[in-house]
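# give the three-dimensional model of this entry:
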Amino acid sequence: MEHQQLHQLWTQRRGRATTSTLLGLVLLFSSAMIVLVSSQTQDGALNSSDPILVNLTLVKNAKETGALCLDGTPPGYHFLKGFDSGTDNWLIHIEGGAWCSDVQSCNERKDTALGSSKLMEHQVPFTGILSNLPSDNPDFFNWNKVKVRYCDGASFSGDVKGAKKNGTTLYYRGERIWKAVMEELLHKGLATAKKALLTGCSAGGLATYIHCDDFKALLPNVETVKCMADGGFFLDVKDISGKRYIHDFFSDVVHLQDVGKRFPNCISKMDATKCFFPEEIIKSINTPVFILNSAYDSWQIRNVLAPPSSDPSNLWTNCTSNINKCNSNQMKVLEGFRATLLDNISDVKQKKDWGTFIASCFVHCQSIYQITWHTPYYQRINNKTIAESVGDWYFDRREVKVVDCSYPCNPTCVSDGS
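Numbers count the residues shown, from 1 in each chain. Next up, the predicted model:
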């Protein structure tokens, strides 16, 4: 319902809204998708201003390769063919959706679309960076675009041979899913691409960091291969109670799905869990990366910095639901969180072919929603939308390493209660 309201607000104001009329809107963003009705076909034709609906494709030979969702069903993806000048260019988006950290949570997850292709939507709308409308997605609208569905629970990084654990049958095969999907896309034209971009949101953003160099290695003859991670820079910080909630959670994920072997060089130097955090992963990435993140990432504020378990008296409830309601002491904590993010990506300044867009809006995942990706009235830094900034970086039109000022300095944030 929240996302239906978001779409209604977007369509009502499209082409006639101004910044001032939208600053008071309360828009809630999460990894859920807006289900819309569209009259468009899947050939990329521009028949409607509504998002195009793209069919689900299940991976062939998934059973033979062991590339299976948590429940043993084949993984899937949504593929929209490119057209005109974008026919030979490819954009791959990895879906997000958090993680499962033990047998119980993964067993519950397998009964959802994040663990079973039987429960995935047969069609999903392509918006934001996946949109096929030039007005909504100026640089990538006519590319071949793929949304890879997430059903392994560990950011496409686990690979456990067995299926039974504690009497429960679950398949931890994210690494195999990644390889199977890529293999199928290579046969569909990715192998002969001229330009390619790997991207993802949230847990899919983390997967983008993890697989960025893998993606480049698959395309040795492609002239331009880059990666853009959206909302995937999860910080290894203490929560408000002094505990390392997210570190402990990631530790469970890493050990459950044997993720450590994904980082052989890193685990020779430090604990495998630390190797699962982007601050370590980016140190070894050779492919150009664009880091898109909010310095006050709403998901991390709620689930990493101030998770419910660290706030039994609910003193942070108002703050985590709306940054406008944070008191001065809480804002100091949030500023410390921002400082940690900036410190962790400080080396990116020296990498000429990398880019950053560090926002000050209280949001999470900004590339897949039209209103945050590219509209006349939403968040800008240096008067550039996220879409314009990513495009400038990808096509080398200018260097893009922008960091927004501290909250609440940017008036183009459409809402602070997302």
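# pLDDT at residue 168, what is it?
In this model, residue 168 is scored at 83, pLDDT.
# got it, and residue 15?
Residue 15 carries a pLDDT value of 37.
# numbering from 34 from now on, please.
Shifting the count to begin at 34 puts that one at residue 48.
# distance from the centroid: which residue in the protein tops it?
Most distant from the centre of the chain: residue 200, at 32.9 Å, with distances by C-alpha atoms, centre = their mean.
# and that residue, how far is that from residue 137?
Using C-beta to C-beta, to the nearest Å, residue 200 is found at 12 Å from residue 137. All C-beta spots, glycine's among them, are computed from the backbone N, C-alpha and C.
# then residue 357?
37 Å.
# what does residue 329 give?
Distance from residue 329 to residue 137, by C-beta to C-beta: 32 Å.
# which of the two has more residues huddled nearby?
Ranked by neighbour count (other C-beta atoms under 10 Å), residue 329 and residue 137 place residue 329 first, with 28 against 11.
# make sure that one is actually in contact with residue 372.
No. Judged on C-beta atoms under 8 Å, residue 329 makes no contact with residue 372 at a distance of 11.7 Å.
# let me see the contact set for residue 132.
Listed by C-beta atoms under 8 Å, 6 or more residues apart in numbering, the contact set of residue 132 reads 186, 187, 188, 236, 282, 283, 286.
# just the buried subset of those, please.
Neighbour-count burial (16 or more other C-beta atoms under 10 Å) applied to the contacts of residue 132 gives 186, 187, 188, 236, 282, 283, 286.
# could you export those as a markdown table, including secondary structure?
Shown next, in a markdown table, are the buried ones among the contacts of residue 132 (DSSP: H, G, I helix; E, B strand; the rest coil):
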| residue | secondary structure |
| --- | --- |
| 186 | coil |
| 187 | coil |
| 188 | coil |
| 236 | helix |
| 282 | helix |
| 283 | helix |
| 286 | helix |
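# list just the nearest of those residues to residue 366.
Comparing the buried ones among the contacts of residue 132 against residue 366 with C-beta to C-beta places residue 282 closest, at 19.5 Å.
# and the strands in the stretch 184-333 of the chain?
For the stretch 184-333 of the chain, applying DSSP state E, counting those that start in this stretch gives strands covering 197-198, 201-202, 228-234, 257-263, 322-327.
# looking at those, which is closest to residue 170?
Nearest of the strands of the stretch 184-333 of the chain (C-beta to C-beta): strand 228-234, 12.1 Å.
# other SSEs contacting the closest one?
strand 122-127, helix 236-251, strand 257-263 (3 or more C-beta pairs under 8 Å, 6 or more residues apart in numbering; DSSP states H and E).
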